[in-house]
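Student: let me see the structure of the following:
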Amino acid sequence: MKQVIIILLAGLFALHVSSCSDSNAKVNNPKNQASANSMGNDNIITFKVNDQLVKTTGWTISRFKLVSDSEESLNITTNMHDEKRTLNVNIIGAGPGTYVVRGNSSSGPHFYGSYYPDYMNDLAGSYSFETGSFSITEVDTVKNVLNGSFSGIVRNLRGESFNITDGKIINGRLTPGITIYD
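Tutor: As a prediction, this is how the structure comes out:
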């Protein structure tokens, strides 16, 4: 239970920091975001929630480091202005490979994150990844593109769950540089 609360708080913090950072203000302004309907084949994120298709865009796809940790990580958040069903994922590691949800261990490459069925109207109604995998197939820091796939089971504190399947990031727009957090 304590781990679920820590993961939830870490996900909310990462989402808040990535949404409110002055250095990303221009990127994160809804007027500067392209919707999934107008993007063509760039910055698209799709997934199914209990077999219902969600098609959206990347709101924040960025690399970051904590001052206390030398390991580079990724934050991937879908566009809550484009689609109310939103994902926020932190991947501990930043290169191609498969990352899995790690139970009680926080060391080594893994991921954690949350799903929000209605981000804009119920921020407290989050579901944390309980199981799953996140495969990064390409991280191009010259073209600033990220591609990958994901799936898993998310569960809330009441024990309710959703199956997240067929997740894909197609030419996700990777924010240039690495953000350092104190």
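Student: which regions of this protein sit below the pLDDT cut-off?
Tutor: 1-40, 103-106 (pLDDT under 70).
Student: let's go with 50 and repeat that
Tutor: 1-39 (pLDDT under 50).
Student: show me where it has helices.
Tutor: 2-20, 25-28 (DSSP state H).
Student: and the closest residue in space to residue 156 that isn't next to it in sequence, what does it touch?
Tutor: In this structure, residue 156 finds its nearest non-sequential neighbour in residue 127, 4.7 Å apart by C-beta to C-beta, 6 or more residues apart in numbering. For the C-beta atoms, the positions are set from N, CA and C on the backbone; glycine is no exception. Counting by C-beta atoms under 8 Å, 6 or more residues apart in numbering, residue 127 touches 114, 115, 116, 117, 154, 155, 156, 160, 161, 162.
Student: who's residue 127 bridged to?
Tutor: residue 115 (DSSP bridges).
Student: mind checking how far it is from residue 113?
Tutor: Separation of residue 127 from residue 113 (C-beta to C-beta, to the nearest Å): 10 Å.
Student: swap in residue 120?
Tutor: Distance from residue 120 to residue 113, by C-beta to C-beta: 18 Å.
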